[in-house]
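The following comprises the amino acid sequence and a computationally predicted model.
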Amino acid sequence: MTLGRPESDEWRALLSAPRHPTANVARPDIPAKPGVYAWFRDGECVYLGKASDLRSRLGTHLGTSLDLSRSTLRSWVAVRELNLDREYTRRRPTVTTAPQVAIVNAWLRSCELTWVVTATKEDAALLEGRLLAAYRPPINVA
């Protein structure tokens, strides 16, 4: 690993995939297929996830509702950016306020997003596991 950047072929493939400013991503632009996705902020990968349906999962992360509990990414961004307790951000029904969620949404809109389609959801899970074993982005919590 150089300068905190992963060096495996799989990481290189993910890092070289087209990045999309999240503020411009429309749900129909995201494939409704299994895969692995990565969020970037200031050029660095900050979160990595897998999905059995990229469109559905990324739609949850890109959502702007007050409910942060349905998106691990949104919940952890709230913990990091607002110093909220993880239990608080995962509570259902939601207890986060509109101003708190606005900060989370603005942070996410300043990111870039990429994805790699896999043949099956099992392949996505295996790929995510290998990628996380090589490099754990700061928002991915063990």
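Cool, the structure landed.

Quick check: Glu47 is in a helix.
Quick fix: residue 47 reads Tyr, not Glu. No: Tyr47 is assigned strand when assessed by DSSP: H, G, I helix; E, B strand; the rest coil, not a helix.

What residues does Val95 make contact with?
Val95 sits next to Tyr88 when contact means C-beta atoms under 8 Å, 6 or more residues apart in numbering. Backbone N, C-alpha and C define where each C-beta goes, glycine included.

Relative to Glu10, how far out is it?
Going from Val95 to Glu10 by C-beta to C-beta, to the nearest Å gives 38 Å.

Check the model's average confidence along the longest helix along the chain for me.
In the chain, taking DSSP state H as the definition, the longest helix is helix 121-134. Mean pLDDT, helix 121-134: 95.

Any buried residues in that helix, and which?
Buried residues in helix 121-134, counted by 16 or more other C-beta atoms under 10 Å: Ala124, Ala125, Leu127, Glu128, Leu131, Leu132.

what does stretch 81-96 give?
The neighbour-count check on stretch 81-96 (16+ other C-beta under 10 Å) flags Leu82, Leu84, Tyr88, Thr89, Arg90, Thr94, Thr96 as buried.

go on, stretch 28-43?
Ile30, Lys33, Pro34, Gly35, Val36, Tyr37, Ala38, Trp39, Phe40, Arg41.

Dump these to a markdown table, plus distance to Arg57.
What follows is those, written out as a markdown table (distance: C-beta to C-beta, whole Å):
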| residue | distance to Arg57 |
| --- | --- |
| Ile30 | 9 |
| Lys33 | 11 |
| Pro34 | 10 |
| Gly35 | 9 |
| Val36 | 10 |
| Tyr37 | 7 |
| Ala38 | 13 |
| Trp39 | 12 |
| Phe40 | 17 |
| Arg41 | 19 |
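
Adding pLDDT and distance to Leu62, write those residues out as CSV.
Shown next, in CSV, are the buried residues of stretch 28-43 (pLDDT from 0 to 100; distance: C-beta to C-beta, whole Å):
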residue, pLDDT, distance to Leu62
Ile30, 97, 9
Lys33, 98, 17
Pro34, 98, 18
Gly35, 98, 15
Val36, 97, 16
Tyr37, 98, 11
Ala38, 97, 14
Trp39, 97, 10
Phe40, 97, 14
Arg41, 96, 15
